[in-house]
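Chemist: Model the following, please.
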Amino acid sequence: YELFSSITSICDSAFSDCRNLESILVESNNQHFCSIDGILFSKNLDTILCFPSNHKFSSYCIPTSVTLIGDSAFSSCCNLQSITIPTSVTSIGDSVFYGCSNLKSITIPSSVTLIGDSIFSNCSNLRSIAVEPNNLNYVSINGILFTKNLEKLVCFPAAQDFNSYTIPTSVTSIGDSAFSGCKNLQSITIPTSVTSIG
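Modeler: The predicted model follows:
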C-alpha cells in the first residue's frame with residue numbers, strides 16, 4: 001500500500017484486520033508520515049502507527065525513537081513471535097497486539113505509564129506478560145498484568161497454564177477483554193471487591 005505526499009491524517013486502526021497487507025510505503029516528501037521496512041510511522045518517528053499484518057518479520061525491535069504505540073498498531077500480526085518494546089515507550093494504545101496469535105511472551109518496560117484497553121485480546125498463544133520491576137504503574141504476578149496498586153486486572157494471558165484462578169481481593173475492576181481466549185481456564189473466582197467488569 002502506498003501513501004501519497006498529499007495525505008495529512010490517518011484515523012486510528014486504519015489498517016486493522018488487513019490480513020494480507022505486507023508493506024506500507026510513504027512518498028518521501030510526505031510531511032506527516034514515513035515508512036521504514038514497510039512499517040508506518042509518524043514523520044518524526046515518535047509513533048508507530050501500523051506494522052502490516054502479513055509483514056515478513058517474525059521478530060521486531062521497536063525503534064528507540066518511539067514513545068507511543070498507536071491503537072491496533074500490531075493488530076493480527078500472525079507472523080510475529082517476538083516484539084521488543086524499548087524504554088522510550090511511555091504509552092501503548094488500545095488493541096495494540098490484538099490477534100498476534102504467535103506471540104508467546106512480552107515485556108513491558110519501566111517507562112510505560114499508560115496501557116490501553118484490550119491490548120492482548122485474541123493473543124491465543126500468549127503465556128506470560130512480564131513487567132520491568134521499576135515500572136511505577138504496572139506489575140506482573142505469575143505472568144498476569146495488573147496496575148501497580150493491584151486494583152485492576154488488565155490482562156490474563158490466553159495460554160496461561162492455570163485451569164482455575166482466583167482474582168486477588170485487592171482487585172476492584174477487570175479490564176476490557178482481560179480474559180479473552182483463555183482456553184485453559186475452567187473456573188474463575190471473582191471476589192466481592194470487584195465492582196466493575198469491562
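Chemist: Low-confidence regions, this protein specifically.
Modeler: Where the chain drops to pLDDT under 70, the residues are 1-8, 11-14, 16-17.
Chemist: Quick check: buried residues in stretch 27-45?
Modeler: By 16 or more other CB atoms under 10 Å, the buried positions in stretch 27-45 come out as 30, 33-35, 38-42. (Each C-beta comes from the backbone N, C-alpha and C, glycine too.)
Chemist: Kindly report the same for stretch 175-187.
Modeler: Buried-residue list, stretch 175-187, by 16+ other CB under 10 Å: 175-182, 185.
Chemist: Now do that stretch: distance from first to last residue.
Modeler: 18 Å (CA to CA, to the nearest Å).
Chemist: quick one: contacts of that stretch?
Modeler: 117-118, 120-124, 152-165, 188, 198 (CB atoms under 8 Å, 6 or more residues apart in numbering).
Chemist: at 7 Å instead, please
Modeler: 117-118, 121-122, 124, 152-156, 158, 160-165, 188, 198 (CB atoms under 7 Å, 6 or more residues apart in numbering).
Chemist: These in helices, which ones?
Modeler: Using DSSP state H, no member of those sits in helices.
Chemist: Just the buried ones from these?
Modeler: Using 16+ other CB under 10 Å, the buried ones in these are 117-118, 121-122, 124, 152-156, 158, 160, 162, 165.
Chemist: Show me which of those residues is closest to residue 107.
Modeler: residue 155 (13.6 Å; CB to CB).
Chemist: re the thing from before, so can I have TSV of the buried residues of stretch 175-187 showing secondary structure and distance to residue 93?
Modeler: Converted to TSV, those look like this (DSSP: H, G, I helix; E, B strand; the rest coil; distance: CB to CB, whole Å):
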residue	secondary structure	distance to residue 93
175	coil	14
176	coil	13
177	coil	14
178	coil	17
179	coil	21
180	coil	17
181	coil	20
182	coil	23
185	coil	26
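Chemist: Grab the two from those residues that are most spread out in space.
Modeler: Farthest pair in the buried residues of stretch 175-187 (CB to CB) is 176 and 185. Separation: 17.2 Å.
Chemist: Count the residues that sit near residue 109.
Modeler: By the criterion of other CB atoms under 10 Å, residue 109 has 18 neighbours.
Chemist: same question, residue 128
Modeler: Neighbourhood size, residue 128 [other CB under 10 Å]: 17.
Chemist: Now it: closest residue in space, sequence neighbours ignored.
Modeler: residue 143 (3.4 Å; CB to CB, 6 or more residues apart in numbering).
Chemist: Same question for residue 53.
Modeler: Counting by CB to CB, 6+ apart, residue 53 lies nearest to residue 76, which is 4.4 Å off, once chain neighbours are set aside.
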